[in-house]
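Asks: Show me how the following folds:
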Amino acid sequence: MTGASVGFLFGHQLREYLRFRRMAIWILVAIVLVVTTVAFRQVNPSQTRQDTYILLSGIIVFRLLALAAAILATGVVSQEVEQKTIVYLLTRPVPRWKYLLARTGAAMVATFIVSLLAAVAVSLAVYGQLGTMFWRDVPALAAGSAAYVSLFTLFSLLVNRAMIVCLLFAFGWELAIPNLGGDIYLLSINSYLTAIARHPAPSGGTDLLDILGGLGGTNALSANFAWMLAMGVTLVSLVFGVTWFSKKEYVPRDDAE
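Replies: Below you'll find the predicted structure:
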């Protein structure tokens with residue numbers, strides 16, 4: 001099948017993700033973030049703007065990135081299985097690997113846009129503009145969108161009710177691992193994103209909020225190596241996912257009702 005068919009599928013799926021009905025909730029979240037961030041600044045007037053942005057970026061923006069990735073990635077295939085439309089989709093004259101890559105790519109772009117909205121909201125509330133730390137976060141959000149979506153899509157191919165697994169990873173594993181000692185932080189995507197964004201350590205020391213933001217541990221990764229690790233997770237997840245999806249038979253789930 002021609003590349004145009006894959007492009008059409010990618011574009012169609014991306015338009016579905018970006019429909020106002022779907023994006024409205026994320027826009028509302030961004031508005032709430034502006035209000036919340038302004039309130040946080042009022043409660044902590046002595047904290048520097050940079051520390052405030054880094055803290056809220058870790059606690060909110062990058063967690064929202066993982067949440068959006070979980071929601072969108074699990075819909076790439078598993079939603080079709082549960083809604084019993086998988087048979088129809090797989091009868092289209094598009095090779096399975098192209099189908100999966102196109103839909104996964106659309107989920108990556110949509111996740112990036114959602115997380116970017118959150119980062120814009122926090123930056124405007126803290127700096128009144130898109131500050132330097134925001135622009136550092138942009139490539140990290142792009143890398144995170146690719147890594148999380150590809151990994152969560154793989155989870156959705158391997159297990160039923162993958163949303164639970166994805167949320168446990170996003171808010172359990174990704175919260176705990178970066179704060180542990182030693183080199184175990186290398187097993188966390190969030191650690192890669194922090195290194196890519198080049199977030200400095202909090203100037204006032206580490207407290208509970210910093211731990212919630214994944215800033216409690218020592219991150220010695222360089223930005224370049226972190227990029228390599230994030231892209232490694234993305235490529236390995238995509239290759240394994242495409243291989244699995246191309247060979248496994250999918251049927252509608254009778255227990256989804």
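
Asks: Count the residues that sit near the residue nearest to Leu72 when sequence neighbours are not counted.
Replies: The shortest distance from Leu72 to any non-neighbouring residue, by Cβ to Cβ, 6 or more residues apart in numbering, is to Ala107 (4.1 Å). Backbone N, C-alpha and C define where each C-beta goes, glycine included. Counted with other Cβ atoms under 10 Å, the neighbours of Ala107 add up to 28.

Asks: So Ala107 versus Ala220, what's the distance?
Replies: Separation of Ala107 from Ala220 (Cβ to Cβ, to the nearest Å): 31 Å.

Asks: got it, and Thr243?
Replies: Distance of Thr243 to Ala220, given as Cβ to Cβ: 33 Å.

Asks: Beyond the helix of greatest length in the chain, next helix or strand please.
Replies: In terms of residue count, the longest helix belonging to the chain (DSSP state H) is helix 96-127. Next helix or strand after helix 96-127 toward the C-terminus (DSSP states H and E): helix 132-158.

Asks: how far does that following helix sit from the chain's center?
Replies: 4 Å (Cα atoms, centre = their mean, to the nearest Å).

Asks: The longest helix of the chain vs helix 132-158, what angle?
Replies: Per axes from the mean of the first three to the mean of the last three Cα atoms, to 10 degrees, the angle that helix 96-127 makes with helix 132-158 is 150 degrees.

Asks: what mean pLDDT would you report for helix 96-127?
Replies: On average, the pLDDT along helix 96-127 is 92.

Asks: and what of stretch 176-189?
Replies: Here stretch 176-189 scores 84 as its mean pLDDT.

Asks: mind saving the C-alpha coords of it as PDB?
Replies: Taking C-alpha atoms only, stretch 176-189 is exported to PDB below (Å, rounded to 0.1, in the frame of the first residue of the first chain):
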ATOM      1  CA  ALA A 176       9.400   6.600  42.800                       C
ATOM      2  CA  ILE A 177      12.300   5.600  40.600                       C
ATOM      3  CA  PRO A 178      13.800   9.100  39.900                       C
ATOM      4  CA  ASN A 179      13.900   9.800  43.700                       C
ATOM      5  CA  LEU A 180      15.900   6.700  44.600                       C
ATOM      6  CA  GLY A 181      19.600   6.500  45.100                       C
ATOM      7  CA  GLY A 182      22.200   4.900  42.900                       C
ATOM      8  CA  ASP A 183      21.800   4.400  39.200                       C
ATOM      9  CA  ILE A 184      18.300   3.000  39.300                       C
ATOM     10  CA  TYR A 185      17.000   6.400  38.000                       C
ATOM     11  CA  LEU A 186      18.300   5.300  34.600                       C
ATOM     12  CA  LEU A 187      15.200   3.000  34.400                       C
ATOM     13  CA  SER A 188      12.800   6.100  34.400                       C
ATOM     14  CA  ILE A 189      11.700   8.000  31.300                       C
END
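
Asks: The longest helix of the chain packs against which elements?
Replies: Helix 96-127 sits against helix 3-17, helix 20-43, helix 49-56, helix 62-73, helix 86-90, helix 132-158, helix 223-247, with contacts defined as 3 or more Cβ pairs under 8 Å, 6 or more residues apart in numbering; DSSP states H and E.
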